[in-house]
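Q: Dropping the sequence and predicted coords here.
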Amino acid sequence: MEKLQVLPNTSQNPGKFTLQGTNTYLVGSSPPYILIDTGEGRDAYTPLLEAALLSSIEKEQTQNSGSAACLISDIILTHRHQDHFGGLHDILKLLRKLHDHRGVETLHYIPPRIHKYLSPSATLPSSDAYESSFESVLSSLPASSYTPAPSGTPIHDLRDAQRFRLPHTPPTASEPSTLEVVHTPGHTPDSICLLLRRADAGVAGPHVLFSADTVLGQGTAIFEDLSAYISSLQRVLAARACASADADFSAIYPGHGPVVEDGPALIETYIKHRMDREAQIVRVLSGSPPPPKEGADSGDEPAWTIWNIVAVIYKDYPENLWLPAAHGVGLHLRKLEDDGRARCLGGEGVKQRWTFISES
């Protein structure tokens with residue numbers, strides 16, 4: 001029976017933005033597994049993954065079930081942030097070491113394939129620190145440590161709706177267990193979720209969504225593009241609502257934080273929170289802006305600055321929270337601009353000036 005294995009100790013990188021650390025997941029009932037994310041490369045993480053894989057080797061030997069040519073066939077990276085791909089080098093080195101440790105001389109070592117959704121070039125500035133960091137890690141990998149893509153590059157580009165078939169499907173199942181790629185831009189342009197469709201869902205429970213950083217186990221997710229982010233959340237819920245049980249899921253296994261048992265309810269909460277904030281901003285933006293400060297250009301069109309909006313919405317909060325709040329307000333304004341409901345009149349940072357576009 002297909003069993004979901006979750007590495008419980010995360011990648012040992014707790015912090016303000018990583019919460020207790022970055023979660024990585026082994027998926028499958030026995031080798032070869034699929035590994036979702038690699039952590040950021042902390043020394044304390046590799047022994048935890050090693051212990052989990054050694055346990056599977058011992059089970060394999062005890063059950064006399066034969067040996068797979070690799071312990072992990074595929075590594076799926078959910079997006080371009082270092083805490084999700086920085087452990088690649090150490091994990092590839094570990095997998096070669098464990099293969100040799102098994103002592104199965106008749107099995108030729110097959111290194112894993114590495115997968116990531118291609119960052120859309122239109123979304124990237126000419127010099128992007130995230131992409132540069134990722135390329136630096138890739139360039140450090142020995143060519144023999146991974147199975148290259150047909151193009152010869154280390155990365156196999158993911159496609160939306162692409163499915164990975166999981167081995168060891170129960171004999172009673174009519175379809176194999178699969179992991180399906182769901183492109184969910186917003187946190188980053190290349191962010192994905194993965195839907196685990198269990199072949200034995202009737203026995204093991206509903207399907208599972210691996211949400212990476214699109215939905216967190218606690219706190220609020222961070223995003224680069226709010227329009228894309230809301231669309232991604234709505235798409236995940238819509239697919240679940242209009243499809244058959246094949247697309248249903250209950251639990252969410254996030255990139256940070258604990259497992260969320262009622263994932264759809266949390267996604268709905270995320271959307272409601274953002275739409276409520278947007279409604280607040282629209283109410284402010286559609287009102288008369290404050291008079292310009294002394295010395296301002298008298299020819300300027302009356303407008304709200306981001307700081308003006310923050311001062312109204314967050315008036316009951318300490319002012320030391322206003323600056324981070326201003327970043328979120330700015331993202332909401334960009335979404336309203338995309339929706340044709342607001343227009344930027346210029347300015348930089350919190351002094352950026354905005355006006356409301358009323359519906360005709």
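A: It's in. Keep in mind it's a predicted model, so treat the numbers as computed, not measured. Residues are numbered from 1 along each chain as shown.
Q: buried ones in stretch 213-231?
A: 213-217, 221-223, 225-231 (16 or more other Cβ atoms under 10 Å). Every residue, glycine included, has its C-beta placed from N, CA and C.
Q: Pick out the most distant pair among the residues you listed.
A: Spatial extent of the buried residues of stretch 213-231 (Cβ to Cβ) is set by the pair Gly217 and Ser227 at 24.6 Å.
Q: helices or strands next to the top helix by length along the chain in the packing?
A: When the chain is parsed with DSSP state H, its longest helix is helix 263-285. Other elements packing on helix 263-285 under the criterion 3 or more Cβ pairs under 8 Å, 6 or more residues apart in numbering; DSSP states H and E are helix 226-242, helix 306-313, helix 322-338, strand 353-356.
Q: swap the cut-off to 10 Å and go again
A: When contacts are defined as 3 or more Cβ pairs under 10 Å, 6 or more residues apart in numbering; DSSP states H and E, helix 263-285 sits against strand 208-212, helix 226-242, strand 252-254, strand 304-305, helix 306-313, helix 322-338, strand 342-346, strand 353-356.
Q: so where's the stretch 151-300 of the chain shaky on pLDDT?
A: 168-174, 200-206, 241-247, 294-299 (pLDDT under 70).
Q: can you rerun that using 50?
A: 203-205, 243 (pLDDT under 50).
Q: tally of neighbours for Leu112?
A: That one is not Leu; residue 112 is Pro. 23 (other Cβ atoms under 10 Å).
Q: Might one say that it is in contact with Leu77?
A: No. Here Pro112 does not reach Leu77: they are 11.6 Å apart, not a contact under Cβ atoms under 10 Å.
Q: Which neighbours do the two have in common?
A: 35, 88 (Cβ atoms under 10 Å, 6 or more residues apart in numbering).
Q: Quick check: closest non-adjacent residue to Gln280.
A: Leaving out its chain neighbours, the residue that sits closest to Gln280 by Cβ to Cβ, 6 or more residues apart in numbering is Ile313, at 5.4 Å.
Q: So that neighbour versus Glu224, what's the distance?
A: 21 Å (Cβ to Cβ, to the nearest Å).
Q: is it true that Leu233 touches Arg240?
A: No. If you go by Cβ under 10 Å, Leu233 and Arg240 don't touch, sitting 11.3 Å apart.
Q: could you pull out the helices for this protein?
A: So, for the chain - with DSSP H - the helices run 46-62, 82-85, 88-102, 129-139, 201-204, 226-242, 263-285, 306-313, 322-338.
Q: Between these, which one is closest to Thr22.
A: helix 82-85 (4.5 Å).
Q: for that closest one, what is the average pLDDT?
A: For helix 82-85, mean pLDDT rounds to 94.
Q: now swap in stretch 37-56 and tell me
A: On average, stretch 37-56 scores 90.
Q: how long is it from one end to the other?
A: 19 Å (Cα to Cα, to the nearest Å).
Q: Return the set of buried residues in that stretch.
A: 37-42, 45-46, 48-50, 52-53, 56.
Q: Could you give the separation of it from the chain centroid?
A: 20 Å (Cα atoms, centre = their mean, to the nearest Å).
Q: can you pull the contacts of the closest residue to His84 other than its chain neighbours?
A: Closest residue in space to His84, ignoring its immediate chain neighbours: Asp37 at 4.5 Å, by Cβ to Cβ, 6+ apart. Applying Cβ under 10 Å, 6+ apart to Asp37 gives the contacts 7, 11, 22-25, 75-79, 81, 83-88, 210, 212-213, 255.
Q: Would you mind measuring from Asp37 to Ser231?
A: 23 Å.
Q: what's the answer for Glu175, then?
A: Taking Cβ to Cβ, one finds Glu175 at 29 Å from Ser231.
Q: What of Leu53?
A: 38 Å.
Q: For the closest residue to Leu53 other than its chain neighbours, grab the count of nearby residues.
A: Spatial nearest neighbour of Leu53, chain neighbours left out: Leu71 (5.2 Å); criterion: Cβ to Cβ, 6+ apart. Leu71 has 25 neighbours, counted by other Cβ under 10 Å.
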